[in-house]
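Asks: Curious how this folds, go ahead:
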Amino acid sequence: MVWLTYRQHRAQLLVTFGALILLGGTLLVSALEATSWAAGHAPDGCPGSSPVCHDFNRGMFDRYHAVYQVFGYLPLVGPALIGAFWGAPLVAREMERGTFRMAWTQSVTTLRWILAKLGLLCVAVVVAGAALAVMVGRWNAVFEGAFPDSSFTNPGKFNIVGLAPAAWWLFAFAVGAATSAILRRTVPAMAVTVAVIAVAIPAVIVSHDLYAKPDRQVGVSRDALIANGDVIVAEMRVAPDGRVSDGSLSSVCPPAAGVDPSSSRAELAEQDCLLAKGYQAAFDVHPASRFWLFQSLQALLLVGGAVVLLVVTVRRTLRLH
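Replies: Next comes the predicted model:
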């Protein structure tokens, strides 16, 4: 069954792993070029937030962004492609071509047939997703510290490093497989799979705030939190008596006459005034140290959903028999 499954799905396997090899070569060349450039252009103390590092950081960002554009859409496109081209044809193509009649009348039982297909392809999907995460993670480390956009604060990066790619790709494959077994038509199954994943991705990203209660940081600057890689959930002001206000404080520090209230000059004047009157900036944040906690909880959520969908696939296939 393993060899038969490979022969049936070798096109998906070869295209996917070939694309990963091509991407890996691109990342390797980019990392080597950026490392060589940094060795000859990095001032003392760089990368960092010091003004002397501005030109260096900009040069690193340009090198980063040029390659990030190659795979920056993978957190969205990757799961959709896996679900549509790996999962959706799994059972539907057998039903459309009628090959299930031969497969289900041999000595191999229907249960063994579907479990072998699901088992081999699930392992391949997880390995491919893990390989992507390792390659991108190693490449991303070359640019660490050159600019404040971290893998925790950027949802796109978050879903392409760590445990996320393997979990997302497994979930997407399971969505496609379940849809395939239910609809029994390849093209409709592909369309429904892409639609489900398009809804699931933003829903899971929004659910991150439910993973843990944010910490409140008082008397710190936004720039310091961003430089530390913390995720800012909410911003507010704390009055001298301890009251928290997340609304306008123009009544406390009204803008000067003739100054546009929406201008940067008015905002800076208001901040200085509030600070002088004892108002402190406060932020609800998820510290950067929660990166792996959030990765683990998201992966657990996606793997749990994948298991349920795979069970649906098996049960539905047995009912078809």
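
Asks: Residue ranges in the chain under the pLDDT threshold?
Replies: The model of the chain has pLDDT under 70 over residues 1-8, 97-108, 241-242, 244-278, 321.

Asks: try 50
Replies: Counting by pLDDT under 50, the chain contains no low-confidence residues.

Asks: which residues in it form helices?
Replies: 2-41, 54-71, 74-82, 89-97, 100-103, 110-141, 155-158, 164-183, 186-206, 222-228, 264-276, 291-320 (DSSP state H).

Asks: Would you mind giving the ones you listed as TSV with distance to residue 214 and mean neighbour count added?
Replies: For every residue, glycine as well, the C-beta is placed using N, CA and C. Output for the helices of the chain, formatted as TSV (distance: least, Cβ to Cβ, whole Å; neighbours: other Cβ atoms under 10 Å):
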stretch	distance to residue 214	mean neighbour count
helix 2-41	33	14
helix 54-71	28	16
helix 74-82	23	21
helix 89-97	41	20
helix 100-103	51	14
helix 110-141	25	18
helix 155-158	16	19
helix 164-183	21	28
helix 186-206	15	17
helix 222-228	12	15
helix 264-276	22	13
helix 291-320	12	17
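
Asks: closest to residue 47 out of those helices?
Replies: Closest approach to residue 47 among the helices of the chain (Cβ to Cβ): helix 54-71, 6.0 Å.

Asks: quick one: the closest one to helix 110-141, angle?
Replies: Angle of helix 54-71 versus helix 110-141, following axes from the mean of the first three to the mean of the last three Cα atoms, to 10 degrees, is 160 degrees.

Asks: name the helices or strands packed onto helix 54-71?
Replies: helix 2-41 (3 or more Cβ pairs under 8 Å, 6 or more residues apart in numbering; DSSP states H and E).

Asks: Can you give me every residue that contacts residue 149?
Replies: residue 157 (Cβ atoms under 8 Å, 6 or more residues apart in numbering).

Asks: Got the phi and psi for it?
Replies: phi -70, psi 100 (degrees, to the nearest 10).

Asks: distance of the residue nearest to the spatial centre of the chain from residue 136?
Replies: Central residue check for the chain by Cα atoms, centre = their mean: the C-alpha nearest the mean position is that of residue 159, 1.5 Å away. Separation of residue 159 from residue 136 (Cβ to Cβ, to the nearest Å): 10 Å.

Asks: before we move on, what about residue 89?
Replies: Using Cβ to Cβ, residue 89 is found at 27 Å from residue 136.

Asks: that older thread, for residue 240, which of the helices of the chain is the nearest?
Replies: Between the helices of the chain, helix 264-276 lies closest to residue 240; by Cβ to Cβ that is 10.4 Å.

Asks: mind checking how far stretch 198-213 is from the chain centre?
Replies: Taking Cα atoms, centre = their mean, to the nearest Å, one finds the center of stretch 198-213 at 11 Å from the center of the full chain.

Asks: One more: stretch 38-51?
Replies: Per Cα atoms, centre = their mean, the centroid offset for stretch 38-51 relative to its chain is 29 Å.

Asks: So for it, first residue to last residue, what's the gap.
Replies: The first and final residues of stretch 38-51 sit 17 Å from each other (Cα to Cα, to the nearest Å).

Asks: Please identify the buried residues of it?
Replies: For stretch 38-51, burial by neighbour count (16 or more other Cβ atoms under 10 Å) applies to 38, 42, 46-49.

Asks: residues in contact with that stretch?
Replies: Taking Cβ under 8 Å, 6+ apart as the rule, stretch 38-51 contacts 52-53, 56-57, 59-60, 142, 144-146, 148, 223, 227.

Asks: These into CSV, with extra columns for distance to residue 85?
Replies: Formatted as CSV, those follow (distance: Cβ to Cβ, whole Å):
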residue, distance to residue 85
52, 49
53, 44
56, 42
57, 39
59, 38
60, 35
142, 31
144, 34
145, 38
146, 36
148, 36
223, 44
227, 41
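
Asks: In the residues you listed, find the pair that's most separated.
Replies: Greatest spacing in these, by Cβ to Cβ: 142 and 223 (23.5 Å).

Asks: picking up where we left off before, where does the residue nearest to the centre of the chain fall, phi/psi-wise?
Replies: phi -90, psi 10.
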